[in-house]
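S.K.: Quick one, structure for this:
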Amino acid sequence: MTDETKPLRVLAVDDEPLALRQLELYISRIPYLTLVAACHSAHEAREHLAGCDAIFTDINMPDLSGMDFIKGLDHPPLVVFTTAYADYAVEGFRVNAVDYLLKPLSFQDFEKAAGRLRERMIQQDAAGKAAHSRALFFKSDYHLVKVAADDILYIQGMGEYIKIYRRSEDLPLITLYGLAKVLSELPAGDFIQIHRSYIVARSAIGKRSRTEVILTNGQKLPIGSTFKKGLL
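M.R.: Have a look, this model is predicted:
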């Protein structure tokens, strides 16, 4: 099954029975949407979040509003807000809502919002696959070790060997590898060589002076004179 045809598992949330029924009907008319549950409150919706890709939720609901419901989730799914009040539009987009629909809902507007949901999901899946593929393999102690590029803080060159310092490990990985070779294989733009012996992840640089960089973990590394221009 391709990403384009993968069904999206969605929740419908609205305290008004007729509005909730309309959401159910519209969802049933979109081939790539699968309704997980139709919920009359945000509290009820919490019980169905597992495996849910997206939520269509009203904002104005008693006890817990749809907006506060989404804000309170550590890892919220994609969301489309539905409401009779246009005043919430700006706040809706501040929580990265995919769309914002004003009641009464037309099927045409709902279908467009569903299309935006699918596009966002395809983008997220592609980004996830890209991040997963951004990994290198190194031989160490007769084993092949997979190292995610996003896990690398910095790499130290020591002649024919390199030490790879990672966010997830206390001890560096030592492997027979050239510093120039590993730099050419790392994601372009994400790493920079600051010294003949050091390559650093740009995201790991917290501060810098003219002579050194200080990483976000407090580690200090020297800046080589021939690399100053590129770093500055």
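
S.K.: For the longest helix anywhere in the chain, which residues meet the burial criterion?
M.R.: Determined from DSSP state H, the single longest helix within the chain is helix 107-133. Across helix 107-133, burial judged by 16 or more other Cβ atoms under 10 Å covers 110, 113-114, 117-118, 120-121. (Glycine included, C-beta is placed from N, CA and C.)

S.K.: In which helix or strand does residue 136 reside?
M.R.: Element membership for residue 136, per DSSP states H and E: strand 135-140.

S.K.: ok so, going back, which of the buried residues of helix 107-133 sits closest to residue 100?
M.R.: Using Cβ to Cβ, residue 113 is the member of the buried residues of helix 107-133 that lies nearest residue 100, at 8.5 Å.

S.K.: Give me the nearest residue to that closest one, chain neighbours excluded.
M.R.: residue 99 (4.0 Å; Cβ to Cβ, 6 or more residues apart in numbering).

S.K.: Same question for residue 139.
M.R.: In space, residue 139 is closest to residue 175, 6.0 Å off (Cβ to Cβ, 6+ apart).

S.K.: Which residues does whatever helix or strand that neighbour lives in contact?
M.R.: Element membership for residue 175 (DSSP H and E) is strand 173-176. Applying Cβ atoms under 8 Å, 6 or more residues apart in numbering, the contact partners of strand 173-176 are 138-140, 145, 147, 160-164, 166.

S.K.: need the helix or strand of the protein with the lowest average pLDDT.
M.R.: Every helix and strand of the chain was ranked by mean pLDDT, DSSP states H and E. The lowest is helix 89-94, at a mean of 52.

S.K.: elements contacting the very next helix or strand once past it?
M.R.: Using DSSP H and E, the helix or strand that follows helix 89-94 in sequence is strand 99-102. Counting contacts by 3 or more Cβ pairs under 8 Å, 6 or more residues apart in numbering; DSSP states H and E, strand 99-102 packs against strand 78-83, helix 89-94, helix 107-133.

S.K.: Could you spell out the sheet neighbours of strand 99-102, each with its direction?
M.R.: Within its sheet, strand 99-102 is paired with strand 78-83 (parallel), according to DSSP bridges.

S.K.: any idea of the angle the strand it pairs with forms with helix 107-133?
M.R.: 160 degrees (axes from the mean of the first three to the mean of the last three Cα atoms, to 10 degrees).
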